[in-house]
Structures are given as structure tokens and as C-alpha cells.
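*Asks:* Need a 3D model of the sequence below.
(chains A and B)
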Number of protein chains: 2
Amino acid sequence: MIFLKDNQLLERKLSPDDIKFRLLGHWGTCPGLVMVYAHLNRIIRNTGQDALYVVGPGHGAPAILSCLWLENSLSPYMPPYTRDKAGLEKLIASFSIPGGFPSHINAQTPGSVHEGGELGYALGVSFGAIMDRPDLIVACVVGDGEAETGPTATAWHAYKYIDPAESGAVLPIVHVNGFKISERTIYGTMDDKELTALFSGYGYQVRFVEDLENIDQDLAASMEWAIAEIHKIQKAARSGNPIVKPRWPVLILRTPKGWGGPKSFRGEFIEGSFHSHQVPLPEAKNDPEQLSALGQWLNSYKPGELFDKDGVPVDEILSVIPDDDAKKLGQRKESNAAYVPLDIPDWKNMVVEKGTQASCMKVVGEFLHDVVERNAKDFRIFSPDELVSNKLDAVLRDSQRNFQWDVASRARGGRVVEILSEHTCQAMLQGYTLTGRTGLFPSYEAFLGITQTMMVQYSKFVKMAKETTWRQSVGSLNYVETSTWTRQEHNGFSHQNPAFIGAVLNLKPAAARVYLPPDANCFLSTMAHCLRAKDYINLMVGSKQPTPVWLSAEEADRHCIAGASIWKFASVDDGVDPDVVLVGIGVEVTFEVIAAAALLRKHAPALRVRVVNVTDLMIVGPWGSHPHALSDEDFDSLFTKDRAVHINYHGYPIELKGLLFGRRNLERVSIEGYREEGTTTSPFDMMIANHTSRYDIAAAAVRGGALHNPKIQAESHQLATFFMHLAQKDRDYIYEFGKDPEGMFDTPVFE
Amino acid sequence: MIFLKDNQLLERKLSPDDIKFRLLGHWGTCPGLVMVYAHLNRIIRNTGQDALYVVGPGHGAPAILSCLWLENSLSPYMPPYTRDKAGLEKLIASFSIPGGFPSHINAQTPGSVHEGGELGYALGVSFGAIMDRPDLIVACVVGDGEAETGPTATAWHAYKYIDPAESGAVLPIVHVNGFKISERTIYGTMDDKELTALFSGYGYQVRFVEDLENIDQDLAASMEWAIAEIHKIQKAARSGNPIVKPRWPVLILRTPKGWGGPKSFRGEFIEGSFHSHQVPLPEAKNDPEQLSALGQWLNSYKPGELFDKDGVPVDEILSVIPDDDAKKLGQRKESNAAYVPLDIPDWKNMVVEKGTQASCMKVVGEFLHDVVERNAKDFRIFSPDELVSNKLDAVLRDSQRNFQWDVASRARGGRVVEILSEHTCQAMLQGYTLTGRTGLFPSYEAFLGITQTMMVQYSKFVKMAKETTWRQSVGSLNYVETSTWTRQEHNGFSHQNPAFIGAVLNLKPAAARVYLPPDANCFLSTMAHCLRAKDYINLMVGSKQPTPVWLSAEEADRHCIAGASIWKFASVDDGVDPDVVLVGIGVEVTFEVIAAAALLRKHAPALRVRVVNVTDLMIVGPWGSHPHALSDEDFDSLFTKDRAVHINYHGYPIELKGLLFGRRNLERVSIEGYREEGTTTSPFDMMIANHTSRYDIAAAAVRGGALHNPKIQAESHQLATFFMHLAQKDRDYIYEFGKDPEGMFDTPVFE
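*Replies:* Residues are numbered from 1 along each chain as shown, chains lettered A, B, ... in the order given. Okay, here's the model as predicted:
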């Protein structure tokens, strides 16, 4: 697949014309991956075991594609790749060419549930995939390069969160071939004692597979042993006598890198060295000696004995492959057609009363409690910082935390995984979602960014999946960001970073969804929507502290459907013909907008203020930039055509500025948001430090309103100074008494 | 510190008025941290050992601040915090109040080299700090919460990259107190056998410190043992007989969470449970029973016996503290005044000839080789994907890779650490930089984002350091992004993600620097500048493939100083009075701009084209937004006041749009860049897929130019169609032959 564009069955002597123009691909990892595939097939055929195969090593695609062709799992999805000569030639010729198969496993690879390429997540994803599928085993190959990553290093502990009664099992196979691109690997330099100790410490039983003379017997026996051990643990748990701290099996497969390839060339070792990592004979097209070595190598597999004259594999090979298509690793329903919609309760039955104050998270926690009750096998929550801390603990009222190693808590399953590893939470969520279920990842706002590139890789998978004809939709990846920068009086500067919004904005518009619901009822509506939506990345940002409930159920419903609306109750004359438009996007920053409107009503009664809240961030971009983007007419009807607009935004202003680019008349728009100023201080001091306080807004409002209102113009300077004076007064109070003035966050009343 | 605003020495009965308004802080982790500090003091005093203390557990600041006060290491930096009653009262009263000390260790904590709060990096940072400081030991406490993170889980392997002859040692102390906020920890549920196996596998000798009845003897003996083991390993290596795979010591300290605090309250356990995580008696101000329990607890320390009447600690306590200020953990020069400027070679001696083609990375690799030679003890390179792959391998000609576990390579020190963990690379780089040296982190573009939040946390540390009066500058954190999205024909979609630029743009303008040098000579100039610059986050984005050298040494010098300039050679009439301005920002996208200019010269000779290249991204923001931002006049002289501007940008367009916001007349500006379209394909096909190809630019140019040039207006539609036709033709070729047309990337010639 790396080399040939013609003569794939070596029916004649290789010539330079048979060789591709660009030799791209990676040989080193492939022999081991193929061997594992074949042995999984043997087990599946003999026992009917339900299995998926997750491939960690980078550039493993050619190994897997060839096995998929062998078991005839390409043609059901991509008809030209038939299991015959024509299909084989097409497969080999179309690898790693423009429009062809890529070098990393991705959504175009049948049977895959994991984007290859960015190493480190295969293991965690595998654990997500087996959850709530008691009969499933995911065989996960972890390369010794990938094993150096942090996300893999901690994912070994994931078994501590797997209840063998309710979930299936991961069979990890650590493929130690010793080399990365040009350097030894860590595992490659660790001896058997070091590896045995390490994995015993992680909680495993270790078995080495390294008898190179009898590797097939060794691997077959080892796999059978491992699966028997898995079944033993599962049987005990399922019969009500769970083993305490069960020792799950792990296989360590030591085979040479590029095994079976050229031993050496011109005095340099290739097999068993980093020289086999990529293309072993890179000048095969132009160098006759390399071409001849390539011919020798490829002929050493004796293609004439492997295929019949029609290019169909001989019976001896086919006899290893499962009979039942549904059992084949490339055709498992779990990997491409397993989505189960959730049974979502009616959020309108759970709303809180308009005019009260409520914690978005507490209210949503009750809703999630009901989601858990109704979807006992298809919904899970993964969180690095504990539901209690994020005030979502209503979920725990009837569900367990699933922490098996805590013998005292007698973990017996449960819907919640709390592990202080954002990477493991994210990987489990991905594996769970891509196999048809739905999950939720609540996190402190600042630390969701730890998984940013994982989220991007995941969204690449979903993008490519939607470009296939044969992958069905999956649930959305749902994030809740709370404990935001506005309320970090315990935690300070390190916990202040709303950058994850920007990460979602970089995704394809078809996937990216960002919501900042302004109150508990809007958050309920948003959560209900997100848990039903498919194929998106949904980011919901909200507060865990009590804040005013501005909207009734019906109002929240309308507001969330529209994405943004004029809040008449806080506007002058319902917001008709304003001098200035004040916009809040986010919970606390919207509160400040309302407080500013109340201040202005008192101190600048001549100023005609319109208050707008945006709950769906995607409405602000220019028409056509996103499916939710407002038309110019709708945009103008909210924000006017030409009046000053001041936006108080929860995130970094640069993101919103980038989103707005392309809208007309932007000179009238000013934006404040988090400007990377923070510390352990009071909530209101944070607002002042970041220029998002009611006083900053009020000052901006009179400056902006002055442009259209001569009465305000006359006193705008004086008013702005007055508001800044109030800010200073509050700040003095805060520094004197160590807290915000009383009553600061009472709901403003408009008369 | 959590509770008292008055009566800190308990000279009278506690009253509600003594209690702070807001009780913020975390008690649980503190007793263990204080104990370790005291024992480090004992060692330092007795042996003169050079040591730093890195504190992993979150919210550890009060423990460390109190120890700093005890050793009188606050007042040298912050005069009011004297070691007497006044200083003690001020310290206790000002913890965790607005304007006071924060709850996490940060740059305001003397002796620290690590931002606390985002858990997982303490261990890796410690390893960076000891590099090239053979006499230094960093004692690093890793909490059992933090131990669950991936970055910590793999950082245990970092010793495999430490040469005991050239570097110091880390003494890791795993503090297992068993609980996170409301849940057990993984390590807390692992027994001694599991932990011993795990750490033996990681390569350590394990010693448990858990004799609660005699904890001081146990810890003292254990620390002495550990330091003796360290010295044994170092002595062997330094005498030329290094131990193969030396087994470095690790201490596992098992003490109850919140040890010494209230045992229980109203029937709930506090000490030894998660209830001691935060504030054990949260209603002490308002609940007389809690107030009384608080009084009992605090009096149990017998303050009357610990302090004399002036609030000075009694001699028995002071006798443990080192005499020599310079040896005190809070006053080590390495932590705040150790910056060594690099000896930077003259890059102009290393330039390549204008008009040739050269790989930016190969040329810079030679430069870095010389930097390594001249700065044998103050410069290191940390990379997750190997210098060879990024074509920086000239560095390896005379330096080793420092991989001690690879016995065959007989590692003997070396300037390069290659570990497939972006987190470990970043943590080591941070520790190395904050202790006064300079490093470089080259990475595949797509994967630098893995460390995004670490970079943000680091920049928070540097921001706060600059706000102190007593921390001197440090070197910059230097990133090279190469193997970018434009050239991923091996790797495809998973390797295509330029989002790290956006992460740097969110930083404070005082720190953020982003450079996209258009050729090898500009890259040399940029690298020389960045390695000399202080306190910045420098991101340099470039190509490892051969690309044209557009500028001579002098031209590159001028261009890099200006940040952007008109490229007359590619412009019509030197760019005077243009109809349209075409802007390239990035290597390959600038090449396409030049190619478009050549196309337009041929097919639309009437169009007056100006070509601009931007090498310093920060010049584009509005005046005042960044120290490098151009004035309006300078901006207009590059981009004109009112002509159409089309920008071909390497990153995500939304970032650049956000940057430009606030510049006048943006309606005339169009931007293309990476739009998250990718796969394994040819370089030019990537340009077409992302609308950044020469044809897209040429079409945009005629559309934009038509607004000011009637001649072009007449034929603009026809021309745009023609260019799109050329794009389709090339795409057809690429898909037929599997490669780009020949000559596509030859340097365009302008006559």
C-alpha cells in the first residue's frame, strides 16, 4: 500500500512504473497490528465474542484497511473495494493519495471509534466504549510511543471505574517495538521486571507475548488466557460475588519494529530499528537496487500462494475470518449505527419561579437526576472535579459514583465517573458517545481547555463521519462549564480562563454550538435541547451560584429558540427607539447589564436604553457564517442599524470581535469581557478589574448614547465620571471589609 | 489564616468579631505541607543542602506562607510581613481577602517556581528546575489528587532523562491523604503493595512514611535516607562510574487529611475525611458551638508556648531554621534572580542566499547548533516529536539526546530531551526557564495545543511576577511550530490545527508575541531575537520544507524590525497607488500570494497589485492594543486607507478578524485561512480546499480591485471564473496523478 500503484499481485517483475509517485506511509507499526487483528478474528470465529478493535499507534491505517478488505468489510460501505483483484488493486493504489485513504485511522475506517494521529487517547476511549455493554470486549493496542503520553499513563487506572457487572472489558495490548521515529521509546528500554512491576502497580496481571519463533501460538494462548480472566472477573461480579480489586489482564507484545520487512539495506539495519518506522526503501522508484530489494521483500510473502487467480484470498486465510458479518470487527453496529436517543423529561415541569434567585447548576442537577433515572443504560456523567463542587450533586441522590477501588463505598455501578484527569473524562466521553450513547462533561471553566485538542480531534472524526454515506449520527458531545472566572473567590487567578469558547468557535459551523444561558430556566431549556441534539459539540456556560431568574418557562423557551432577544423589562419604553443598546452574554455579566440599566434609569433618565441578552452565541456572526447566524434584518432589529452597542461578554473579547467581523457598521460597537485580570478577590471586584462592572457599562452607555441624544451629550462626561466614582467607592469598601457591599446582587427592580 | 482577622495569638477568648467576614481557604492539605517544610529546614540547616520546594497540592499557599513567615522570608520582599506580632497579625488577616495573599501558590509566594491551581505539573516543573544545577535538590510534594492527572502520571518517567553527573535531583514526596473534595483518591485506595509495585515499575526505590505515632522520626530518617541515595547515585556518575538505571528514591507520606484539626463535629468526622478539605468549621462566625470548637482547636497548638510576648517564635522553633538566608527555601536566588542571558551567535553570518530555496528549520537548526555550543549549561531543547522529524537535527551533530534509560546509546548528558509527552516537555521548559535559563520547544503545529492551559498558567505566573517588586525577569518561553497544516501529506487531518496562535493572542499584550517569518533568513532573525527576549511567550511558526528565500540578510533584518512591509519585487510599480493589497501571513500562504501576484501580472496586467507580508502578527491590532500595534498612519501606509485588502493567513481567520476589530473601514478587508478542511493530500490541494490558493487570491484580487479600477471591473467576472477554472484543472491533475503539477513551487519570477 505504501509502494504500489500497479502490479499489486506481483504477477510480473516489479518495474519503476509500478511504484507510486509519492511514497507515503508508515511500515513499522503495521505487522503487529495485522497479527493482532488476525488473532482477534480467530477468537471471534471460535467463540462468537463481541469485540471492537481500537488502534492506538499512529499511522496504523494500512494494517487495518488490509484486514478490513480481507474480511470483506470495506465493500459494504465503499462498494468499489470488493474482495477480489479489482478491489485489492484499488485499495492498494488509493492508499495515501489525494482523495484516497489516509495514513491514520479515522472515521473513514470501518469499525473505528477513535481518531488516530494525536496519540494518547486510545485507551481511555476504549474504556468509554465498553461501558454499559456487558458482553463487549474492546481490544486496544497501545504503542510504546503513545505510552509515553500523560493521558495514556493515567488511563491505565480506568479499570478502577469499571463495574464488571454492568460493563464490558478492555483488553489492552501494549505493543513494544522499541522505537519512535528516530529514538528509543521509554517502554522499549524497560526490561520485563520494570514493566511487570509497573503494570502490577496499575492493578493488572501481566503476560508477555514475545516468543518470536512461535509467536502465533504464544499470542493465541495469551489472548485465550486474557479473555478467560476477563470472563472470570465478570462472572463473579454478575453472580453477586464480585472480586475485590480484580486484576484484569494486560498483554505486552514485544515484536521487532517493521517485522518481516527488509532486514537491512546497504549495511543499515531496517527491521527492528527506527529505519523501519516510515518508508523502508524510499527510493524504490528511482534506485534499481532499492526496487529489487522491494521486489524481494514483497515476494517473500508469496502472493501466489495467498490469492487465487481472481485475487480472492485462499481458503486457509478465509477460514480464520468470522462467518457472521455482524460479528466482524469492521461491521460492528456499535461503531457506526448504535445511537440511542435519550428519554428527556419535560424541563418546563422543573422550572423555578421568575423573580426568585436560583443556582443554574442546582436546578439543572435535578433535571439531570431525572435524565439518569430514565436512561439507566445510555447516559453517563464524567467529571474531573466532582459533582458536589459544581453543585450538580442531585444526580448522586440515587446514583452511585462508580469507583470500584473504594472498597469501603462498595461501589456497585453508577452513572458518575469522577477522576481528576480531564483527559480520561474526555476520552471516556468520546468512546461512550461514538458507540451510540450520550454523556455530559461538567467542568470548572478554566480546566476544560486541558482537553482542547482532544475535542478538536473528536470533531474531526465527526466531520469525516458525516462525509461518509454509511455512518449514522451520534449524540452530541456535551460540556457544562461552571465555576467560571466571575466567581473564583476561593481559587483566584489560576481558575480564571474562559478560553474553551474560542476552541469551539474554531470548529466547523456545522458542529460548533456555544450557549450562555442567562438564568436557571434558560439553562434547563438549553440542557434539554443539547441532550437531544446530534453530532454537535455543545458548550453550555453557566453559574453555580444563585442568580436571578429573569424569565418564566414560556419566556425562556422563546428566548432560547430565538437565541437572543430584547429584555423589555429592563429597557426604557420596552426598548423602542433606543439611544444605546446594552448587551449581556453570560450570567454575571448580564446581571451587570441589568444593574447598569437600573442605575441609568435613576441617574440618566433621559437616556433611552435597550437591553438585549444573547444566549446562543452563534447568532451574532454574519448571515451565512453559521446555521444560527441572524439575517441582517434580524440583527438590526435587535441591535439597531446605527445606535451605539456596548456588549458585556463572558469570554475573551477578541473571540466576539472575530465573530462580528462582516457585520455592518462595527465602529459603533464596543466590547468588554474577561481581560486576564484576576486574583482571589470578591465577585464585584473581578467585574471592576475586567471593566465589566455596572459602572463601566453605565459609563459606556452614556458615552455611546451621547452620539444620538443631545441631552445626554451635555452631561455625558459628568455622568461617566460619576459612575467611575461609584466604582471606586465600592472598591474601597471591598478592600476595607474584605467583601462586596450588602445587597449588591439583589435583583434590580424597575418601576 | 482561614479564620482570624483579629486576636491571632489567642490572647483573649475568641469572639465572633475576631472571625473574617468570608471564610475562604483549604485546611486539609496544609499540615502535611508544613511538616515537609520543617524537615527540609532541618536538613538544610544541618547539611547546607541546596534545595527548592515545589508544592503540587492545590490550595497549599497558607501552609507555605506561614513557613515563609517563620523563616523570615516574607519581609525581605514584602516589608510589612515582619517576623513579629505585627507581621504575624497582618499575614493571618490578609490571607484570601481582596488584595491579600491568594489560596494557591503563585509568583507572589517567595521561593516558588510554579503556578499552583491547575494540578498536574509540579513534578515535571521540578525536573526542569534541577537541570544543569548539579548541587540542587527540588523537594516536590505531589498530592494524591494531582497524582490522578495524566501529566503527573507520565512525569514519573522524567528521571530517565536526568544525567546525575550534570544535573541535580528531584525528591518526590507523594502525599497520600486519601481524599479529594468529596471523594476518595485513586492512590488513597491503593495499598502499600500496589503503590510499591507502581513506583518500582517507574524506576524508584519506595519508602513509606506513615508511622503516625513517631512521624517526625520517620520523616527525618526517610529524608536522610533519600538524600543519601541521591548523593550515592550522583557520586557514582560524577566519578565516571555511573550506575545503570539508578533507582532514585521516592517517599510516600501517608498522613490523615487535615491532621491536627478538629476530629469531628456534631457526629461527622472531620480529620481524616473529605470534610477537612476546605473550611472545617464554616459557620464559626455565627454559630457559637462552632466558634467554641474553633477556639479549642487553635488553642490546642498552645500559641502561648510557641511565641514570645512580641509574637516572635521561640528559640526551639527558630533553631530548626537555616541560619544562612541564601539557603532558606524562600530566599533562593534560583527562584527569583537567576536569569543568565544567552550568548547568541550573529545570525547574519548564517543566512542563506536570497533567490535560493531553503528549509527554515534546517537553517535554524544550524543556528541552534551554535547556540548549544556557546551555552553549554544554560540552554536546552525539549521536544515531543524528535528533532529529526522537524529537521532541526543539526543540533544533534555535537550534542546528545539525554535519554539515560537507553543503555545502548550510553547517554552522557546532552541538551535535547525528546519524550512523547507535550506536558512533560512543557513542564520541564517552565521549570528550566523560571530558574533562570532559556529553552526552546519545537513541535508539530497541531499538538502544541495539548499544553495550552499550561502555557496560560505559566503566563499568569509571569504576569504576577512582573507585578512584584522583587522578582527579576526570566527568559522567554520559546515555541517553534513547524510541520504545519500546509504540509501534512504524510499525516493528514489529525495533524492540521493552527489553534495555538489563538491561545497566545488571549494572553496579556505585555507577554504575547506571535511571529510567522516568511523565509529562512527572517526565521533566523526572529529566533535570535526571541532567544534574547525576556518575559514573553514567543510563538514562531515556520516551515520545515524548502521554500524560497525572499529577503537578504539586511532586508530580513529591516522586515523583522518593522514587523511587516511592502514587498516591492512582487508588486506593480513597487506597490505605489494600488487597486488592491494582497497580504500574506505565514510561509506557504505568502508563497501563494506571490504566485497570485505573478498570475495577475500575466492575466490582469491592468490591475495594480501591492503585496505585503506580515511577519509579526501583533502589528495588525488597533493602535494601543499591543506594544507592537501599528499607528493608524503606519497601518494605512501599508494597507492603504480605502483599497480592497485580501489577507491570506496561516491561522484561523476568526483570530485575525478579532485582532483587526477597531481598525477603520474593515468592510474592504477579506480574509482566508485554515478553515478546518484537511486530509492526506498534496500541498496544493490543501490550499485549494481552504480557499488559500493562488487562484482564490487572484480571484479575490480582481473582485476587490474592480472597485477602484474600471478596466478590471469590466473583466473581473471573467477573470475570476478563469482563475477558478485553473484551480479545477490543477485539482484534476492532482487527483489523476497523486501529486502536484511539476514546477508549482518554483520561485515565481517577476520581469
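
*Asks:* so who does the closest residue to A:S383 other than its chain neighbours touch?
*Replies:* The shortest distance from A:S383 to any non-neighbouring residue, by CB to CB, 6 or more residues apart in numbering or on different chains, is to A:P442 (5.0 Å). For every residue, glycine as well, the C-beta is placed using N, CA and C. Shown in contact with A:P442 (CB atoms under 8 Å, 6 or more residues apart in numbering or on different chains): A:M361, A:I381, A:S383, A:L387, A:N390, A:L392, A:Y479, A:V480, A:E481, A:T482.

*Asks:* Name the nearest residue to the last one, ignoring sequence neighbours.
*Replies:* Going back to what we said before, that points to A:T482. Of all residues not flanking A:T482 in the chain, A:K544 sits nearest, at 4.7 Å (CB to CB, 6+ apart).

*Asks:* hang on, that neighbour packs against A:E481?
*Replies:* No - using CB atoms under 8 Å, A:K544 is not in contact with A:E481; the gap is 10.4 Å.

*Asks:* Flag every residue of the stretch 151-300 of chain A that's near chain B.
*Replies:* Where the stretch 151-300 of chain A comes near chain B, counting by CB under 8 Å from any CB of the partner chain, the residues are A:151-157, A:160, A:180-186, A:189-190, A:194-203, A:278.

*Asks:* quick one: which of those residues sit in helices?
*Replies:* Among these, the residues falling in helices (DSSP state H) are A:151-155, A:186, A:189, A:194-202.

*Asks:* coming back round to it: just the buried residues of the contacts of A:P442.
*Replies:* Among these, those scoring as buried are A:M361, A:I381, A:S383, A:L387, A:N390, A:L392, A:Y479, A:V480, A:E481, A:T482 (criterion: 16 or more other CB atoms under 10 Å in any protein chain shown).

*Asks:* Among these, which one sits closest to B:T681?
*Replies:* A:Y479 (31.4 Å; CB to CB).

*Asks:* Am I right that the closest one is in a helix?
*Replies:* No - applying DSSP: H, G, I helix; E, B strand; the rest coil, one finds A:Y479 to be strand, outside a helix.

*Asks:* quick one, what contacts it?
*Replies:* Counting by CB under 8 Å, 6+ apart, A:Y479 touches A:L440, A:F441, A:P442, A:S443, A:L448, A:F500, A:I537, A:N538, A:L539, A:M540.

*Asks:* Take these and lay them out in a markdown table including secondary structure and pLDDT.
*Replies:* What follows is those, written out as a markdown table (DSSP: H, G, I helix; E, B strand; the rest coil; pLDDT from 0 to 100):
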| residue | secondary structure | pLDDT |
| --- | --- | --- |
| A:L440 | strand | 98 |
| A:F441 | strand | 98 |
| A:P442 | strand | 97 |
| A:S443 | strand | 96 |
| A:L448 | helix | 96 |
| A:F500 | helix | 97 |
| A:I537 | strand | 98 |
| A:N538 | strand | 98 |
| A:L539 | strand | 98 |
| A:M540 | strand | 98 |
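
*Asks:* which among those end up buried?
*Replies:* Neighbour-count burial (16+ other CB under 10 Å) applied to the contacts of A:Y479 gives A:L440, A:F441, A:P442, A:S443, A:L448, A:F500, A:I537, A:N538, A:L539, A:M540.

*Asks:* Per-residue pLDDT of the residue positioned nearest the centre of chain A, please?
*Replies:* Ranked by distance to the mean C-alpha position of chain A (CA atoms, centre = their mean), the top residue is A:M455 at 3.3 Å. Note on A:M455: pLDDT of 98.

*Asks:* Report the buried residues of the host helix or strand of it.
*Replies:* Secondary structure assigned from DSSP states H and E places A:M455 in helix A:452-467. For helix A:452-467, the neighbour count (16+ other CB under 10 Å) marks A:452-465 as buried.

*Asks:* distance between it and the chain's centre?
*Replies:* Its chain's C-alpha centre lies 8 Å from the corresponding centre of helix A:452-467 when counted by CA atoms, centre = their mean, to the nearest Å.

*Asks:* what does stretch A:219-231 give?
*Replies:* On CA atoms, centre = their mean, the centre of stretch A:219-231 falls 32 Å from the chain's centre.

*Asks:* quick one on the thing from earlier: tell me which of the buried ones among the contacts of A:P442 is nearest to chain B?
*Replies:* A:L387 (8.3 Å; CB to the nearest CB).

*Asks:* what secondary structure does the closest one sit in?
*Replies:* Secondary structure state of A:L387, per three-state DSSP, is coil.

*Asks:* That one against A:R397, yeah?
*Replies:* No - counting by CB under 8 Å, A:L387 stays clear of A:R397, with 10.6 Å between them.

*Asks:* Would you mind putting the buried ones among the contacts of A:P442 into TSV with pLDDT alongside?
*Replies:* Shown next, in TSV, are those (pLDDT from 0 to 100):
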residue	pLDDT
A:M361	97
A:I381	97
A:S383	95
A:L387	87
A:N390	89
A:L392	93
A:Y479	98
A:V480	97
A:E481	96
A:T482	93
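
*Asks:* Using TSV, lay out those residues together with distance to A:L91.
*Replies:* Compiled in TSV, these are given as follows (distance: CB to CB, whole Å):
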residue	distance to A:L91
A:M361	51
A:I381	41
A:S383	43
A:L387	48
A:N390	48
A:L392	48
A:Y479	38
A:V480	43
A:E481	44
A:T482	48
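
*Asks:* before we move on, which element is A:I64 in?
*Replies:* helix A:61-70.

*Asks:* tell me the domain ranges of chain A?
*Replies:* Per the record, chain A has its domains at A:16-288+A:297-318, A:347-546, A:563-737, by automatic domain parsing.

*Asks:* Can you say which of the ones you listed is packed in most?
*Replies:* Among these, ranked by average contacts under mean count of other CB atoms under 10 Å in any protein chain shown, first place goes to domain A:347-546 (a mean of 23).

*Asks:* wait, what's in contact with A:Q296?
*Replies:* Residues in contact with A:Q296 (CB under 8 Å, 6+ apart) are A:P262.

*Asks:* Ramachandran angles for it?
*Replies:* phi -60, psi -50 (degrees, to the nearest 10).

*Asks:* and the helix ranked longest in chain A, what does it pack onto?
*Replies:* Scanning chain A for the helix with the most residues, using DSSP H, yields helix A:710-737. With contacts defined as 3 or more CB pairs under 8 Å, 6 or more residues apart in numbering or on different chains; DSSP states H and E, the packing partners of helix A:710-737 are helix A:587-603, helix A:683-689, helix A:694-705.

*Asks:* Mean pLDDT and distance to chain B for the ones you listed - can I get that in TSV?
*Replies:* Putting the helices and strands packed on helix A:710-737 into TSV (pLDDT from 0 to 100; distance: least, CB to the nearest CB, whole Å) gives the following:
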stretch	mean pLDDT	distance to chain B
helix A:587-603	98	17
helix A:683-689	97	5
helix A:694-705	98	15
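
*Asks:* looking at these, which is closest to A:D315?
*Replies:* Nearest of the helices and strands packed on helix A:710-737 (CB to CB): helix A:587-603, 66.5 Å.

*Asks:* tilt between the closest one and helix A:710-737?
*Replies:* Per axes from the mean of the first three to the mean of the last three CA atoms, to 10 degrees, the angle that helix A:587-603 makes with helix A:710-737 is 120 degrees.

*Asks:* Who are the packing partners of helix A:587-603?
*Replies:* On a contact count with 3+ CB pairs under 8 Å, 6+ apart, helix A:587-603 meets strand A:546-548, strand A:580-585, strand A:609-614, strand A:644-649, helix A:683-689, helix A:694-705, helix A:710-737.

*Asks:* got the angle between it and strand A:580-585?
*Replies:* Going by the same axes, to 10 degrees, helix A:587-603 makes 160 degrees with strand A:580-585.

*Asks:* Please save the CA atoms from helix A:587-603 in PDB.
*Replies:* This file holds the C-alpha atoms of helix A:587-603, laid out as PDB (Å, rounded to 0.1, in the frame of the first residue of the first chain):
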ATOM      1  CA  VAL A 587     -24.800  35.100  33.600                       C
ATOM      2  CA  GLU A 588     -22.900  37.500  35.800                       C
ATOM      3  CA  VAL A 589     -22.100  39.900  33.000                       C
ATOM      4  CA  THR A 590     -25.800  40.100  32.100                       C
ATOM      5  CA  PHE A 591     -26.600  40.800  35.700                       C
ATOM      6  CA  GLU A 592     -24.200  43.800  35.500                       C
ATOM      7  CA  VAL A 593     -26.000  45.000  32.300                       C
ATOM      8  CA  ILE A 594     -29.400  44.900  34.200                       C
ATOM      9  CA  ALA A 595     -27.800  46.600  37.200                       C
ATOM     10  CA  ALA A 596     -26.400  49.300  34.800                       C
ATOM     11  CA  ALA A 597     -29.800  49.700  33.200                       C
ATOM     12  CA  ALA A 598     -31.300  50.300  36.700                       C
ATOM     13  CA  LEU A 599     -28.500  52.800  37.500                       C
ATOM     14  CA  LEU A 600     -29.100  54.700  34.300                       C
ATOM     15  CA  ARG A 601     -32.800  54.800  34.900                       C
ATOM     16  CA  LYS A 602     -32.000  56.600  38.100                       C
ATOM     17  CA  HIS A 603     -29.100  58.800  37.200                       C
END
